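S.K.: curious how this folds, go ahead:
(chains A, B and C)
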Amino acid sequence: MPLYFNDLGRLNTEEVARGLLGHYLCHETTSGLISGIIVETEAYLEKNDSACHAARGITRRNATMFGPAGRAYVYFVYGNYYCLNVVTGSEGSGEAVLIRAVEPATGIEIMQHNRGKNCKLTNLANGPGKLCIAYGIDKRYDGHDLNKKPLYLAENSNPGYYETAATSRIGISTARDKLLRFIIKGNNYLSRREPIG
DNA sequence: GTTAAGATCTGCT
DNA sequence: GCAGATCTTAACG
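M.R.: Here you go, the predicted model:
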């Protein structure tokens, strides 16, 4: 299925979350290009989703979620880490897709430098906080247009065969029953092992 | 002004 | 597998 990055706002958020799998997240840094294949995402919806930051209306933190689709929503959690989201839905709707994990492709040395010298390849960006550290993403990119450099999404014109799966989301205390986490099945760079069965 | 909770990660058992 | 670190954000008084 083709994914039109310039038109994210017209696709529903769950489809964007699943559609981003297999494509690239790129960052042109002063040290060089970093890229990786998105292997794990989560959808956060405006309606009937208490786990979404936008569920209780617009605030200073989540204002970007209510802006145009295709922007980055970057926020700070747990006193230590940033998380990167892609804003989706029509302007004013408050929906987004959390990028939870990528499979490192280009600039692996830069990521290792950012994450720590002895960091294993499978541990470089297999989680939303780790991903932001590896890519050097912080709050400066909140509101950045992800169709533009230096931080952008890129289509994978030659994706191999892969299966996707939907599971429950991670790290939230409400709405755990919803299957809004999307993964590339069997990928080695996921933030968690796949549930058995 | 004060407080409780959080879309996490690391290190230790 | 589990607890602790750590501090911004948002809700409440």
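
S.K.: and the residue lying closest to A:G143 once chain neighbours are set aside, which of the three is it?
M.R.: Of all residues beyond its chain neighbours, the one nearest A:G143 is A:T64 (5.0 Å), with distances taken as Cβ to Cβ, 6 or more residues apart in numbering. Where C-beta positions appear, they are placed from N, C-alpha and C, glycine not excepted. Put simply, A:T64 is helix when judged by DSSP: H, G, I helix; E, B strand; the rest coil.

S.K.: and A:S191, how many neighbours?
M.R.: Using other Cβ atoms under 10 Å, A:S191 is surrounded by 19 other residues.

S.K.: ok, it - contacts?
M.R.: By Cβ atoms under 8 Å, 6 or more residues apart in numbering, A:S191 lies in contact with A:E40, A:R100, A:A101, A:N126, A:G127, A:P128, A:I170.

S.K.: coming back round to it: what about the residue nearest to A:G143, neighbour count?
M.R.: Using other Cβ under 10 Å, A:T64 has 22 other residues around it.

S.K.: of the contacts of A:S191, closest to DNA strand B?
M.R.: Using Cβ to the nearest atom of the strand, A:G127 is the member of those that lies nearest DNA strand B, at 2.3 Å.
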